[in-house]
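>>> pasting the sequence and the predicted coordinates here, then a few questions.
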Amino acid sequence: MRRKSAASKVAYPAILSALALILVYLGSVAPSGNWGIVAAAGLLPAAAVISVGLKAGFLCWAATAILAFLLVPDKFCVLLFGALFGLYPMVKSLIEQLRKKPLEYVLKLVFFNAAFTVIYLVMSSAVAASLPEVLGSSVWMLYLAANVVFLMYDYGFSKLIALYIARVQRAIH
């Protein structure tokens with residue numbers, strides 16, 4: 001792989017940030033599926049981390065979160081990206097450097113529960129409105145279901161990262 005110039009180290013995360021902003025905006029105007037669309041936006045900071053480095057991932061996340069806060073009408077989607085899906089690729093990268101699976105899962109769940117609590121406390125009515133009634137009525141059921149879904153998300157996210165490394169990054173570089 002060739003050496004990256006300083007300009008490409010800034011331009012690539014900027015392009016990914018623009019694409020993530022488009023996805024967060026689409027999540028805000030979509031009639032349903034906003035969690036999934038915003039989760040897909042979280043793949044773009046991961047691409048920045050893989051291709052350029054951890055700092056680039058944080059740059060992509062911060063630029064997207066700030067611009068989304070200013071431009072996206074639905075602040076719930078902005079909060080989902082800013083507190084959870086956009087930040088998770090960098091947290092995942094740092095945690096997985098430990099190379100101890102049980103500790104990794106505990107730390108990932110601690111991060112998720114902290115982020116989910118912030119989202120729930122700030123936007124509890126929006127969270128409750130986007131979930132089935134059985135989960136909205138019981139907080140412990142909500143957290144249990146959310147943790148199970150998060151573990152499935154983490155597994156799928158890892159598979160998508162592997163696909164990105166195998167196919168997309170090789171084609172770009």
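Thanks, I have it. Residues are numbered from 1 along each chain as shown.

>>> three-state assignment of residue 98?
Reducing the assignment at residue 98 to three states with DSSP: H, G, I helix; E, B strand; the rest coil gives coil.

>>> count the neighbours of it for me.
Counted with other CB atoms under 10 Å, the neighbours of residue 98 add up to 10. Just so you know, the C-beta spots here come from the backbone N, C-alpha and C atoms, and that holds for glycine as well.

>>> and the residue lying closest to it once chain neighbours are set aside, what element?
Counting by CB to CB, 6 or more residues apart in numbering, residue 104 is the residue found nearest to residue 98 once chain neighbours are left out, at 5.9 Å. Secondary structure here is read from DSSP states H and E; on that basis residue 104 sits in helix 101-122.

>>> name the residues that touch stretch 93-107?
Contacts with stretch 93-107, where a contact means CB atoms under 8 Å, 6 or more residues apart in numbering, come from 49, 54, 57, 108, 111, 151.

>>> quick one: the helices in the protein?
Using DSSP state H, the helices of the chain run over 6-29, 34-41, 43-51, 54-71, 75-80, 88-96, 101-122, 124-129, 133-136, 139-163, 170-172.

>>> tilt between the fourth one and helix 43-51?
If I follow you right, that is helix 54-71. Relative orientation of helix 54-71 with respect to helix 43-51: 160 degrees, computed using axes from the mean of the first three to the mean of the last three CA atoms, to 10 degrees.

>>> list the buried ones in helix 54-71?
The neighbour-count check on helix 54-71 (16 or more other CB atoms under 10 Å) flags 56, 57, 58, 59, 60, 61, 62, 63, 64, 65, 67, 68 as buried.

>>> ok, and the closest non-adjacent residue to the fourth one?
So the one you mean is residue 59. What sits nearest to residue 59 in space, not counting adjacent residues and going by CB to CB, 6+ apart, is residue 13, at 4.8 Å.

>>> ranking helices and strands of this protein by mean pLDDT, which lands last?
Counting by mean pLDDT, DSSP states H and E, the weakest-scoring helix or strand in the chain turns out to be helix 133-136, with a mean of 66.

>>> would you mind measuring from the residue positioned nearest the centre of the chain to residue 140?
Centroid check for the chain by CA atoms, centre = their mean gives residue 85 as the closest residue, at 1.9 Å. According to CB to CB, to the nearest Å, residue 85 and residue 140 sit 23 Å apart.

>>> run a quick neighbour tally on the nearest residue to residue 172 once chain neighbours are set aside.
If you skip the residues right next to it in sequence, residue 172 has residue 51 as its closest partner in space, 7.1 Å away by CB to CB, 6+ apart. Taking other CB under 10 Å as the neighbour definition, residue 51 ends up with a count of 22.
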